[in-house]
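Peer 1: I would like the atomic coordinates for the input below:
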Amino acid sequence: MARRREKPNQADETLHEIEESFDRLAKWVSEHRIALAIAVAAILAMALGLDLYGSHRTRVEEAGAAALAEARAEFLQAMGAQPGDLVVAEPANPEVARSARETFAKRFEEVGSKHAGTAAAALALLEAGNLYAQLGAPHLAQDAWQAGLESTDGGSALEALLLERTARAHEDAQEWSEAADAHERAGRVERFPARWTALAGAARCRIESGDADAALALFDEIEAAAALDEIPAYTAARLRELRAGRELRGAVNPTQG
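Peer 2: Next comes the predicted model:
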C-alpha cells in the first residue's frame with residue numbers, strides 16, 4: 001500500500017514566501033531602480049525576520065541584495081515573465097526553461113561567491129541549488145546549499161532553511177542518517193518557525209536508518225514541548241505506532257523491552 005504523502009511543511013512554505021517576495025521585488029526593480037537598495041533591505045528584513053542591517057554591515061548587505069535582485073529580475077525575464085508578473089508559468093519550450101536555469105544557476109552562484117558572508121549570498125546560493133535540483137543535478141544542488149550555509153549566521157532561520165533543503169536532498173538519495181542529521185540541526189535553531197517539523201523529519205529519518213531509539217527520543221521531546229500539533233499528522237501517527245509496538249513487545253517479553 002502506497003504511503004500517504006505528507007502535507008508541505010513550514011520550511012517549504014517559508015521558502016515559497018521568500019520566492020514570492022523576490023517576484024514582487026522583480027516588478028519593483030523594473031520600475032524604481034534608483035531606490036533599489038532601500039526597498040531590497042526592507043523586503044529581505046521582513047521576509048527573513050532577521051536583524052541583518054547593523055551599521056557596519058549595511059552597505060555590504062545592500063550591495064549583495066541589489067545584485068541578487070538584479071539576477072532574480074533577469075531570471076524571470078529569461079523565463080518569459082511579462083512586466084508586472086508575480087508568478088512565472090513554465091515556458092512552452094522546455095529548452096528555453098532548461099537554458100535559463102543553467103545560465104542563472106551559475107549566475108546565482110556568482111552572486112553568492114562575490115558577496116560571500118551576507119544573507120543575500122546565502123539566498124542566492126539557495127536559489128542556485130533549487131535550479132540545479134530542477135535540472136536533475138542533485139550533487140551540484142547540494143554543493144550550492146552547503147556553500148550557502150557558509151554565508152549564514154549560526155543559529156539563524158536562514159541557516160535552518162538551508163539545512164532543511166539539504167535534508168530533503170539527502171532523503172531523495174535515501175541517505176537517511178545524513179538527512180536526519182540535517183533535519184535535527186535545523187530543529188535545534190530556536191528562531192526557526194518550523195523547528196518542530198524539522199525535528200519530526202529527523203525522527204522519521206532515524207526510523208528509516210534503523211535507529212528507533214533516537215527516533216523515539218525525538219518524539220518524546222516534541223511531545224514534552226506540547227508541539228504535536230505542529231508536526232505532520234502522518235509522522236506523529238508513525239511514531240506513536242513505533243512506540244506502541246515497542247511497549248507491547250516489552251509487556252510480552254520484558255527482557256526485550
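
Peer 1: Poorly predicted segments of the stretch 151-257 of the chain, please.
Peer 2: 250-252, 254-257 (pLDDT under 70).

Peer 1: and if we set it to 80?
Peer 2: For the stretch 151-257 of the chain, residues meeting the criterion pLDDT under 80 lie at 249-257.

Peer 1: what's the answer for the stretch 1-150 of the chain, then?
Peer 2: Filtered on pLDDT under 80, the stretch 1-150 of the chain yields the residue ranges 1-59, 82-89.

Peer 1: can you pull out the helices in it?
Peer 2: Assigned helices in the stretch 1-150 of the chain, in chain order: 10-31, 36-48, 58-78, 94-114, 119-134, 138-149 (criterion: DSSP state H, counting those that start in this stretch).

Peer 1: Give the buried residues for the shortest one.
Peer 2: Of all the residues in helix 138-149, those buried under the rule 16 or more other Cβ atoms under 10 Å are L140, A141, Q142, D143, A144, W145, A147, G148, L149. In short, each C-beta sits where N, CA and C put it, glycine included.

Peer 1: what comes into contact with that helix?
Peer 2: 105, 108-109, 112-113, 121-126, 128-130, 132-133, 159, 162-163, 165-166, 169, 172-173 (Cβ atoms under 8 Å, 6 or more residues apart in numbering).

Peer 1: Can you classify S151 by secondary structure?
Peer 2: Assigned state for S151: coil (three-state reduction, DSSP: H, G, I helix; E, B strand; the rest coil).

Peer 1: And it, how far from G112?
Peer 2: Remark: distance between S151 and G112 (Cβ to Cβ, to the nearest Å) = 7 Å.

Peer 1: Also A128?
Peer 2: Counting by Cβ to Cβ, the gap from A128 to G112 is 7 Å.

Peer 1: and if you look at L149?
Peer 2: For L149, the distance to G112 - Cβ to Cβ - is 11 Å.

Peer 1: Mind listing the shared neighbours of these two?
Peer 2: Any residue near both L149 and G112 by Cβ under 8 Å, 6+ apart counts here, and that gives A122.

Peer 1: Tell me how many other residues surround E247.
Peer 2: E247 sits with 11 neighbouring residues when counted by other Cβ atoms under 10 Å.

Peer 1: Please consider this matter closed, and thank you.
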